[in-house]
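[1] okay, here's the prediction I keep looking at, along with the sequence it came from:
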Amino acid sequence: MPADEPAAVRLEGPADGELLDAVHEGVAQLWASAPHVPDTDRMLFEIALVEVVANVVQHAVPAADHVHVAVDLTADDGAVHAEVIDDGAATPVDLDRGLPADTATSGRGLALIQRTVDRFTFERTGDQNVWRLARGFTPEG
């Protein structure tokens, strides 16, 4: 049954392994508030979200003492959305580069994200890196 109000979860903290655990817990909270999201869409969205946050945890360069991350998750009647904002240094991100060569040992994460969500954007806004993802769905029922 679709929700009257969008389900929403907000997470914040330093870019570390505990944040990744919190993201998994936050996604579980989101699904509990949005039972109408089909299982396949849940799984693919979570894969993309965890990949974004893992990239921030692994690659973000602190502009100060540490990188602070805020994650906003929402689910409405037709899509799930995430906005991941970090205050790390400017990050060169090329969303148009496609898959790396078969022999590459890294660089597959962005391509994986693009294949699991309908919309994936990155922009530098002021002192922040802003990642946005969305995956549309047809509610179960």
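    Thanks, I have the structure now. In this text, all values refer to a predicted model and were calculated from it rather than measured experimentally. Numbers count the residues shown, from 1 in each chain.
[2] which stretches in the protein count as strands?
    Under the criterion DSSP state E, the chain contains strands at 7-14, 68-75, 79-86, 119-125, 128-136.
[3] so what does the worst-scoring helix or strand of the chain on mean pLDDT touch, helix or strand wise?
    Here the helix or strand of the chain ranked lowest by mean pLDDT, DSSP states H and E is helix 109-116, holding a mean of 87. If you count contacts as 3 or more C-beta pairs under 8 Å, 6 or more residues apart in numbering; DSSP states H and E, helix 109-116 packs onto helix 39-59. Backbone N, C-alpha and C define where each C-beta goes, glycine included.
[4] got the angle between the helix it packs on and strand 68-75?
    Our comparison of helix 39-59 with strand 68-75, counting by axes from the mean of the first three to the mean of the last three C-alpha atoms, to 10 degrees, yields an angle of 170 degrees.
[5] which residues are in contact with residue 123?
    Neighbouring residues of residue 123 by C-beta atoms under 8 Å, 6 or more residues apart in numbering: 129-130.
[6] and the pLDDT at it?
    For residue 123, the model assigns a pLDDT of 94.
[7] one more: residue 92?
    Model confidence at residue 92, given as pLDDT, is 73.
[8] picking up where we left off before, the least confident helix or strand of the chain: which residues count as buried?
    For helix 109-116, a neighbour-count test (16 or more other C-beta atoms under 10 Å) marks 110, 113-114, 116 as buried.
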